[in-house]
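Engineer: Using only what follows, build the 3D model:
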Amino acid sequence: MKKEEYEVLHTEGSRPVKMWTRGVPVEEAAKKQLRNTATLPFIYKHIAVMPDVHLGKGSTIGSVIPTLGAVIPAAVGVDIGCGMMAAKTTLTANDLPDNLGPLRSAIERAIPHGMSPKTRGHRGRDEGSWHTPPSVVDAAWLQLKDEFDAICLKTPKLKNTNNYRHLGTLGSGNHFIEVCLDEQGAVWFMLHSGSRGVGNAIGMHFIELAKQDMRTHFINLPDQDLAYLAEGTQHYDDYVEAVGWAQRFARNNREVMMQNLIAAVRTVIHKPFQTHVEAVNCHHNYVQKEHHFGKDVLVTRKGAVSARAGELGIIPGSMGAKSFIVRGKGNAESFHSCSHGAGRTMSRTEAKRRFSLDDQIRATQGVECRKDENVIDEIPMAYKDIDAVMLAQRELVDVVHILKQVVCVKG
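Structural biologist: Next up, the predicted model:
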């Protein structure tokens with residue numbers, strides 16, 4: 001292990017914080033959050049910090065938090081199972097139409113996105129509110145329904161969430177769908193989304209339960225959003241079950257959208273093509289049991305991707321920037337992890353204050369995408385330099401493909 005790979009934050013009485021951030025700016029507020037998290041007594045070995053790290057709720061986005069005997073629901077977050085899916089096709093750049101506008105429109109019609117009523121579940125699938133064949137959604141929901149019903153017996157209010165209705169929908173914010181070209185000119189489809197309304201409800205419910213537990217047991221924390229659930233309690237068991245289900249929902253959600261994306265492209269490009277020549281479907285907001293340094297521990301990746309030796313992952317850049325398909329190196333010190341993207345350098349509000357629509361248009365030149373004031377908060381300049389991020393984690397992953405988007409659909 002080369003010492004220069006990472007920097008270490010040391011705080012007396014807490015676990016070390018190992019940061020793969022050389023050459024990448026890290027805000028002081030994020031460092032404070034990391035130090036706060038490292039003081040918790042159940043942190044195992046150390047916290048690993050990815051180069052896209054930035055301020056989050058309770059704990060930083062871009063951190064890997066291993067725990068023994070406890071889990072922090074706010075560290076997992078409310079977009080449980082959020083992640084990426086990418087599929088390489090047999091199409092090439094020459095197969096794409098000169099005018100990409102109709103292709104973007106077909107994708108936007110096929111996959112519900114943003115905050116329109118249909119994506120919030122106010123209209124049913126039987127009203128023709130989107131084009132996903134019911135059989136596709138139903139098949140995916142059948143894999144989830146029985147366990148969801150069992151979870152709802154314990155937490156009845158989850159029954160009234162957008163669950164089935166949100167399956168196959170993108171959402172808003174930084175969620176996106178892209179058509180990309182790799183370094184050889186091959187066409188890829190890529191998308192970013194998670195567990196939608198039901199995952200949000202699960203996250204919020206257990207974050208509040210954790211806070212109640214802290215008050216009940218008079219446990220003082222440096223930040224109330226670091227409230228945790230202790231192993232051996234009913235709340236812990238219920239959360240582990242619910243969060244695991246939400247992560248499966250998120251994965252299925254991406255699979256349904258990918259099927260719909262492929263079908264939409266076929267309505268515009270009539271040349272026969274194959275998909276999933278290479279394919280990746282990975283979470284970057286999740287928790288799961290893993291084996292590290294001789295122990296079975298819970299690993300929470302809050303804005304980080306699993307990068308075991310040989311494992312493929314996706315590291316997207318910002319809107320208008322390149323993205324990467326990577327192969328993990330299995331770096332033990334990072335708990336086999338890498339970054340989940342470029343990472344924001346400023347808030348959405350600050351981005352809208354600082355940049356104009358003209359800036360957005362210039363930054364996304366050559367990309368068929370929305371160019372309006374409602375997406376200025378996603379402007380590439382609001383994110384870290386993806387090349388610097390990749391350089392900082394060169395000991396965590398190898399680059400397999402470099403993707404550049406030509407079509408981008410924002411939520």
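
Engineer: how about stretch 28-42: buried residues?
Structural biologist: Neighbour-count burial for stretch 28-42, counted by 16 or more other CB atoms under 10 Å, picks out 30-31, 33-38, 40, 42. Where C-beta positions appear, they are placed from N, C-alpha and C, glycine not excepted.

Engineer: Sorry, wrong one. I was asking about stretch 149-166.
Structural biologist: Buried residues in stretch 149-166 (16+ other CB under 10 Å): 151-152, 158, 161-166.

Engineer: What segments of the stretch 251-400 of the chain are helices?
Structural biologist: 348-354, 357-363, 386-392 (DSSP state H, counting those that start in this stretch).

Engineer: Please identify the most buried of those helices.
Structural biologist: Among those, judged by mean count of other CB atoms under 10 Å, the one packed with the most neighbours on average is helix 386-392 (a mean of 19).

Engineer: Do me a favour and average the pLDDT over it.
Structural biologist: Helix 386-392 carries an average pLDDT of 95.

Engineer: Can you give me the buried ones in the least confident helix or strand in the chain by mean pLDDT?
Structural biologist: Within the chain, no helix or strand scores below helix 134-142, which has a mean of 88 by mean pLDDT, DSSP states H and E. Of all the residues in helix 134-142, those buried under the rule 16+ other CB under 10 Å are 136-137, 140-141.

Engineer: and the residues you listed, which two are the farthest apart?
Structural biologist: Farthest pair in those (CB to CB) is Val136 and Trp141. Separation: 9.7 Å.

Engineer: Run through the neighbouring helices and strands of the least confident helix or strand of the chain.
Structural biologist: helix 234-268 (3 or more CB pairs under 8 Å, 6 or more residues apart in numbering; DSSP states H and E).

Engineer: For the helix it packs on, buried residues please.
Structural biologist: Per 16+ other CB under 10 Å, helix 234-268 contains these buried residues: 235-236, 238-240, 242-265.

Engineer: pLDDT below threshold where in the stretch 1-150 of the chain?
Structural biologist: Residue ranges of the stretch 1-150 of the chain with pLDDT under 70: 1-4, 115-134.

Engineer: residue boundaries of the strands in it?
Structural biologist: For the stretch 1-150 of the chain, the strands defined by DSSP state E, counting those that start in this stretch cover 7-9, 17-19, 47-54, 61-67, 70-71, 83-92.

Engineer: most packed of these?
Structural biologist: strand 47-54 (a mean of 28).

Engineer: Dump the strands of the stretch 1-150 of the chain into JSON lines; add distance to Asp182 as well.
Structural biologist: Below are these laid out as JSON lines (distance: least, CB to CB, whole Å):
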{"stretch": "strand 7-9", "distance to Asp182": "33"}
{"stretch": "strand 17-19", "distance to Asp182": "30"}
{"stretch": "strand 47-54", "distance to Asp182": "22"}
{"stretch": "strand 61-67", "distance to Asp182": "25"}
{"stretch": "strand 70-71", "distance to Asp182": "38"}
{"stretch": "strand 83-92", "distance to Asp182": "7"}
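
Engineer: For stretch 318-335, measure first residue to last.
Structural biologist: 25 Å (CA to CA, to the nearest Å).

Engineer: Same question for stretch 304-324.
Structural biologist: By CA to CA, one end of stretch 304-324 lies 14 Å from the other end.

Engineer: Quick one: mean pLDDT over that stretch.
Structural biologist: For stretch 304-324, the per-residue pLDDT averages 93.

Engineer: Now do it: distance to the chain's middle.
Structural biologist: 11 Å (CA atoms, centre = their mean, to the nearest Å).

Engineer: Kindly report the same for stretch 163-181.
Structural biologist: Stretch 163-181 has its C-alpha centroid displaced from the chain centroid by 11 Å (CA atoms, centre = their mean).

Engineer: Pull the distance from stretch 283-292 to the chain's centre.
Structural biologist: Worked out by CA atoms, centre = their mean, stretch 283-292 lies 13 Å from the chain centre.

Engineer: Please disregard the earlier target; I meant stretch 13-25.
Structural biologist: 21 Å.

Engineer: Equivalent analysis for stretch 78-92, please.
Structural biologist: For stretch 78-92, the distance to the chain centre is 10 Å (CA atoms, centre = their mean).

Engineer: do the same with stretch 294-302
Structural biologist: Taking mean C-alpha positions (CA atoms, centre = their mean), stretch 294-302 and its chain are 18 Å apart.

Engineer: one step back: tell me which of the helices of the stretch 251-400 of the chain sits nearest to Gly313.
Structural biologist: Comparing the helices of the stretch 251-400 of the chain by CB to CB, helix 386-392 comes nearest, at 12.3 Å.

Engineer: outside of the closest one, which residues touch it?
Structural biologist: Contact with helix 386-392 is made by 20-24, 51-52, 315, 317-318, 321-324, 339, 341-343, 399, as judged by CB atoms under 8 Å, 6 or more residues apart in numbering.

Engineer: name the element Ala210 belongs to?
Structural biologist: helix 196-216 (DSSP states H and E).

Engineer: one step back: using TSV, lay out the buried residues of stretch 149-166 together with distance to His292.
Structural biologist: As requested, those are arranged in TSV below (distance: CB to CB, whole Å):
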residue	distance to His292
Ile151	28
Cys152	34
Leu158	32
Thr161	34
Asn162	36
Asn163	33
Tyr164	36
Arg165	38
His166	34
